[in-house]
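Participant: mind folding the following:
(one chain, ligands or ions: 3)
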Amino acid sequence: MKKTEKIKKIILPAVLWLLFEGIAVTLWLTKQNLFYLFNFTYIGTSLAIGILLLQFRYRHARRVAQLLVGTYMLVYLGLICHENMQIEGFWYYLFTGVFEAATIHYAVAKIFGPLVFGRGWCGYACWTAMILDLLPYKVPQQPRKKWGFIRYIVFVLSFVFVSALFLARVNHMEQIMFWAFLIGNVLYYIVGIVLAFALKDNRAFCKYICPVTVFLKPMSYFSLLRIRCDESKCISCGKCKKVCPMNVDMTDNARKRGNGTECILCYECTKACPKEALK
Ligand code: SF4
Ligand code: SF4
Ligand code: SF4
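Facilitator: Ligands and ions are numbered 1, 2, ... in the order given. Reported below is the predicted structural model:
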């Protein structure tokens, strides 16, 4: 590989790392809290390592980032620091008017971040998908169902649950949020694994149930980072579609392409293309 090619491959992870470092330093200084410097530096570095490995075609690159970030968020932030990063944690911090923890996490990873990196969160960081991706059905074995409405029901239920706690002026909210995090995660894993086996699709939970996609899908519609197809190179062999875990019509460059807001930027399609038509 030529030196210029190597440098080109380093640019994307370097820009991503700088972006996270900018967030880390800004939050550290504005909130006078060293935790933010550590937190966003760790996440940015983990993601940059994953993307760098991906650029150099290491087979398990995405899994490395997913495990580094997902385990950190689940074990350290969730279980040790008692931060509820689930959707109910987001409502909770939003209602208390505190721009901390879950609200910052949602703003960066799930609401404004997707305008730049689409559903990168779903491909490289989510601790639910970190487990689901270990299951045997990496590529869906059945046609997609029209069950996407379930995500809106779960979204509304989470909102109603936290609103009811606030209206009832329940005591020990922090403890309730911690238990909600534990129970919610266990339920997500059980439902996700059962659905994956029932529908022969590891990402069935992401497609039909996950309430976070109510934010992720519309924001990632405008994503700067997206798979593009060079139509002059494409021979319509269909190999790319056969490996996509999210049923995306990636050969169509339109924003409205089929399941376009489902892309998790795993780059399996680009690896499968014999003509290097996808970038
Ligand atoms: S759709 Fe939900 S569960 Fe799936 S990867 Fe994204 S955030 Fe995680
Ligand atoms: S295979 Fe391609 S289109 Fe499908 S999710 Fe991965 S990157 Fe996106
Ligand atoms: S794999 Fe490549 S050549 Fe084949 S349809 Fe997809 S983009 Fe076109």
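
Participant: how about the stretch 1-150 of the chain: which residue is closest to ligand 3?
Facilitator: V139 (14.0 Å; C-beta to the nearest ligand atom). Quick note: C-beta positions are derived from backbone N, CA and C, even for glycine.

Participant: got the contact list for that residue?
Facilitator: Contacts of V139 were listed using C-beta atoms under 8 Å, 6 or more residues apart in numbering, and they are K242, V243, C244, P245.

Participant: out of these, who has the most neighbours?
Facilitator: Within the contacts of V139, P245 tops the neighbour count with 24 neighbours, counted by other C-beta atoms under 10 Å.

Participant: chain neighbours aside, what residue packs nearest to it?
Facilitator: R203 (5.1 Å; C-beta to C-beta, 6 or more residues apart in numbering).

Participant: for that neighbour, give me phi and psi.
Facilitator: phi -100, psi 20 (degrees, to the nearest 10).

Participant: would you confirm that it contacts C244?
Facilitator: No. Contact between R203 and C244 fails when scored by C-beta atoms under 8 Å: they sit 10.0 Å apart.

Participant: for stretch 206-217, buried residues please.
Facilitator: C206, K207, Y208, I209, C210, P211, V212, T213, V214, F215, L216, K217 (16 or more other C-beta atoms under 10 Å).

Participant: pLDDT of that stretch, averaged?
Facilitator: In this model, stretch 206-217 has a mean pLDDT of 98.

Participant: what is the end-to-end distance of that stretch?
Facilitator: End-to-end distance for stretch 206-217: 11 Å, by C-alpha to C-alpha, to the nearest Å.

Participant: the helix or strand of the chain with the lowest mean pLDDT: how far from the chain's middle?
Facilitator: Least confident element among the helices and strands of the chain, by mean pLDDT, DSSP states H and E: helix 101-105 (a mean of 85). How far helix 101-105 lies from its chain's middle: 14 Å, per C-alpha atoms, centre = their mean, to the nearest Å.

Participant: remind me what the helix or strand that that helix is followed by packs against, helices and strands.
Facilitator: Moving toward the C-terminus from helix 101-105, the next helix or strand (DSSP states H and E) is helix 114-117. Applying 3 or more C-beta pairs under 8 Å, 6 or more residues apart in numbering; DSSP states H and E, we find helix 114-117 packed against helix 213-220.
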